[in-house]
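**Q** model the structure of this input:
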Amino acid sequence: MDDITEHACEHCGGQILKPTPKLLNPGVQHPSGTKCDACGHVTPLPRVRGFQCSPVLLAFLHRLCNEDELKKLRLSPTQHLGALNKKLAAAGKRALEVDTSTYPPTLIDAV
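**A** Model (predicted):
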């Protein structure tokens, strides 16, 4: 199954790149797609942050983490993985690793 990407505002980590009703033209960035609902910042496409993971893992993360924790994870998965892994351990789940060789970084189960 393909991974799902969580795209984030470069400023606060709020979720962006949500579906937009406007037609997209090559080379034209529509602010409605990259405007953050949380802070109002418009992130240029080359500076979009985030991570990707399996749909099952993403659904679990949305149940386990509050919005502030998800924002931090979207901004920098490698920096906030320690706190997430502590929360996963408390829930009796395996730790995660970040594969930084992909763009965006991929969250995967540690083996």
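**Q** Ile108: how many residues sit nearby?
**A** Neighbour count for Ile108, taken as other CB atoms under 10 Å: 16. Any C-beta I mention is one placed from the backbone N, CA and C, and that applies to glycine too.
**Q** now the helix or strand hosting it: buried residues?
**A** Assigned by DSSP states H and E, Ile108 falls within strand 106-109. Within strand 106-109, the residues scored as buried using 16 or more other CB atoms under 10 Å are 106-108.
**Q** same question, stretch 56-67
**A** For stretch 56-67, by 16+ other CB under 10 Å, it's 57-58, 61, 65.
**Q** next one: it to chain centre, how far?
**A** 11 Å (CA atoms, centre = their mean, to the nearest Å).
**Q** quick one: residues in contact with stretch 104-111.
**A** Under the contact criterion CB atoms under 8 Å, 6 or more residues apart in numbering, stretch 104-111 has outside partners 3, 5, 7, 49-53, 57, 61, 77-78, 94-99.
**Q** if we can go back for a sec, which one of the buried residues of strand 106-109 sits closest to Lys86?
**A** Of all the buried residues of strand 106-109, Lys86 sits closest to Leu107, with 15.2 Å by CB to CB.
**Q** picking that back up, let's have the buried residues of stretch 56-67 in TSV, adding distance to Lys86, pLDDT and secondary structure.
**A** As requested, these are exported to TSV (distance: CB to CB, whole Å; pLDDT from 0 to 100; DSSP: H, G, I helix; E, B strand; the rest coil):
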residue	distance to Lys86	pLDDT	secondary structure
Leu57	17	92	helix
Leu58	19	91	helix
Leu61	14	93	helix
Cys65	12	94	coil
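**Q** now those residues in JSON lines, with distance to Ala83?
**A** Output for the buried residues of stretch 56-67, formatted as JSON lines (distance: CB to CB, whole Å):
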{"residue": "Leu57", "distance to Ala83": "16"}
{"residue": "Leu58", "distance to Ala83": "18"}
{"residue": "Leu61", "distance to Ala83": "12"}
{"residue": "Cys65", "distance to Ala83": "10"}
